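A.B. asks: okay, structure incoming, though there's no sequence with it:
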């Protein structure tokens, strides 16, 4: 089997999972995964020892960029008016859940890149060791980085709700 094909088979599900955790949209997460693998193939050898961590971090960063792009688009649409028609109203509970998730995603998009990546990678299913490898830091730092990132996210969510 071709080394890139093996890498793809071994890491595709995890890359999609990381992106999906950030985006909450499986199809968009698969698009992100495709973009990440194309970029990796264009820039690196498939048998590079850093392949998996590179893919994981790229998935988190690319997904975060997509969320930030969505936020910018939403602001433009709010300012200039949406071209889309309104959707039917969901039940109250579903709307509240959707609103909460959007609030968290918006807060995540406002975080600096490293804390956002720590959260996306860890809650995307990676172990502390895999997160450390993807970020290029010591595994002993991950707990602290994760706690700080969670606290920053919490503050950012609270800041967003007080507006």
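C.D. replies: That came through fine. The model shown is predicted, which means the values in this text are computed figures rather than measured ones.
A.B. asks: in the chain, which residue is closest to the centre?
C.D. replies: residue 22 (3.5 Å; CA atoms, centre = their mean).
A.B. asks: so where is the protein shaky, pLDDT-wise?
C.D. replies: Low-confidence segments of the chain, defined by pLDDT under 70: 72, 75-90, 163.
A.B. asks: tell me where it has strands.
C.D. replies: Taking DSSP state E to define them, one finds no strands in the chain.
A.B. asks: show me what counts as buried in the longest helix seen in it.
C.D. replies: Using DSSP state H to define each element, the chain has its longest helix at helix 51-80. Residues of helix 51-80 classed as buried by neighbour count (16 or more other CB atoms under 10 Å): 51-64, 66-68, 70-71. (Each C-beta comes from the backbone N, C-alpha and C, glycine too.)
A.B. asks: and stretch 138-150, how far from the chain's centre?
C.D. replies: 17 Å (CA atoms, centre = their mean, to the nearest Å).
A.B. asks: that should have said stretch 126-144, apologies.
C.D. replies: Distance of stretch 126-144 from the chain centroid (CA atoms, centre = their mean) equals 16 Å.
A.B. asks: tell me the buried residues in it?
C.D. replies: In stretch 126-144, counting by 16+ other CB under 10 Å, buried: 126, 128, 130, 131, 132, 133, 134, 135, 142.
A.B. asks: now do the same end-to-end measure for that stretch.
C.D. replies: 16 Å (CA to CA, to the nearest Å).
A.B. asks: which residues touch that stretch?
C.D. replies: Residues from elsewhere that reach stretch 126-144 (CB atoms under 8 Å, 6 or more residues apart in numbering): 14, 18, 50, 52-54, 56-57, 60, 114, 117-118, 121-122, 145-146.
A.B. asks: try it again at 6 Å.
C.D. replies: 53, 56, 57, 121, 122 (CB atoms under 6 Å, 6 or more residues apart in numbering).
A.B. asks: I'd like these as a markdown table, with distance to residue 95 appended.
C.D. replies: Formatted as a markdown table, the contacts of stretch 126-144 follow (distance: CB to CB, whole Å):
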| residue | distance to residue 95 |
| --- | --- |
| 53 | 38 |
| 56 | 33 |
| 57 | 34 |
| 121 | 30 |
| 122 | 28 |
